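Colleague: Pasting a predicted model and its sequence here:
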Amino acid sequence: MPVRMLVTDLDGTLLHSDKTISEYTASVFRRCREAGMKIVFATGRPERTAIGFAQAIRPDAVVSNNGAGASVDGQMILRKDIPPAAVTGIIAQLLDVDGIRLSLDYGSHSLTNCEDHAGWGNWNAVFSDLSEYDPNGVPKISIEAMDPSLLAGVDFEALGCHVYANQGEKWYMAQAKSATKSSAVEAVAAHFGIALAEVAAFGDDCNDVGMLRACGTGVAPANAIDEAKAAADYVCGANDDDGPAKWIEENLL
């Protein structure tokens, strides 16, 4: 079955380690667009932080915050926020824990008690001690934990959430249980009238595993975690070697 839509993670997959997109990769995706394929970013980032990368590739849709949001031509077609009671529960249990820092994403900005992160360019992060915050409209809570055992006392599942751990980092992302990249990609594909069997997905981390399994073709770069490689149909070159673009050029163009 021909591939009609390409879905790619950003960090660790499409982006080099220095957070850039090579001209070669951009040129391959331009050829894909000319061939009639839809192009979708599927990232753990808020959509506002993917805007710069969109200038190089001009995706048709963006799945953001690990599937908590999806937009087509800048218009939201899906949003799955954390239940307000869960937001309140997570903050109440973690705010005063030594070694934990928190950031609440609201789509347009983040509210964070990580003082050194406030003012991070296009992250639009605002510093707060989080003594006051709005529990509504939060698609993701980022948790910086120096030791993962610090999260052991929080029953995220009972709160209707799940948690992703960033590969090799100390950051964890709490989201509504129904917010996944795979479900958001399915919604975007349906919007375009494309079957999941006609989608090729690229990803390197634990939040990409479901997407790699759900789509017709799953491809993990050589630098991906073992779980992502096991979920994929193919393993391509590493992100710093333009692995996904090379695989596309060799197999789809």
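Modeller: Thanks, I have it. As the structure is a prediction and not an experimental result, all values here were calculated from the model.

Colleague: Can you give me the distance of residue 24 to residue 202?
Modeller: 15 Å (CB to CB, to the nearest Å). The C-beta positions use only the backbone N, C-alpha and C, and glycine is treated the same way.

Colleague: tally of neighbours for residue 132?
Modeller: 7 (other CB atoms under 10 Å).

Colleague: Name all residues that make contact with residue 222.
Modeller: The contact partners of residue 222, taken as CB atoms under 8 Å, 6 or more residues apart in numbering, are 235, 236, 237, 238, 241, 243.

Colleague: what's the closest residue to the third one other than its chain neighbours in contact with, if anything?
Modeller: Spatially, and ignoring its direct neighbours in sequence, residue 237 is nearest to residue 243 (3.0 Å; CB to CB, 6 or more residues apart in numbering). If you count contacts by CB under 8 Å, 6+ apart, residue 243 has them with 221, 222, 236, 237.

Colleague: Compare residue 24 and residue 202 and say which is more crowded by neighbours.
Modeller: More crowded of residue 24 and residue 202, by other CB under 10 Å: residue 202, with 32 against 11.

Colleague: what are the bridge partners for the more buried one, then?
Modeller: Beta bridges link residue 202 to residue 8, residue 219, judged by DSSP bridges.

Colleague: buried sites along whichever strand or helix holds residue 246?
Modeller: Using DSSP states H and E, residue 246 sits within helix 243-251. Residues of helix 243-251 classed as buried: 243, 244, 245, 247, 248, 249 (neighbour count, 16 or more other CB atoms under 10 Å).

Colleague: Closest to residue 109 out of the residues you listed?
Modeller: Closest approach between these and residue 109, by CB to CB: residue 244, at 30.5 Å.

Colleague: so that closest one touches residue 218, yeah?
Modeller: No. Assessed by CB atoms under 8 Å, residue 244 is found out of contact with residue 218, at 11.6 Å.

Colleague: Touching both of these two, which residues are there?
Modeller: residue 202.

Colleague: circling back: taking the contacts of residue 222 together, which two end up most distant?
Modeller: Maximum distance among these (CB to CB): 12.4 Å, for 235 and 241.

Colleague: Comparing those two, which residue is more hemmed in?
Modeller: residue 235 (18 against 15).

Colleague: what sits opposite that one in the beta ladder?
Modeller: Beta-bridge partners, per DSSP bridges, of residue 235: residue 220.
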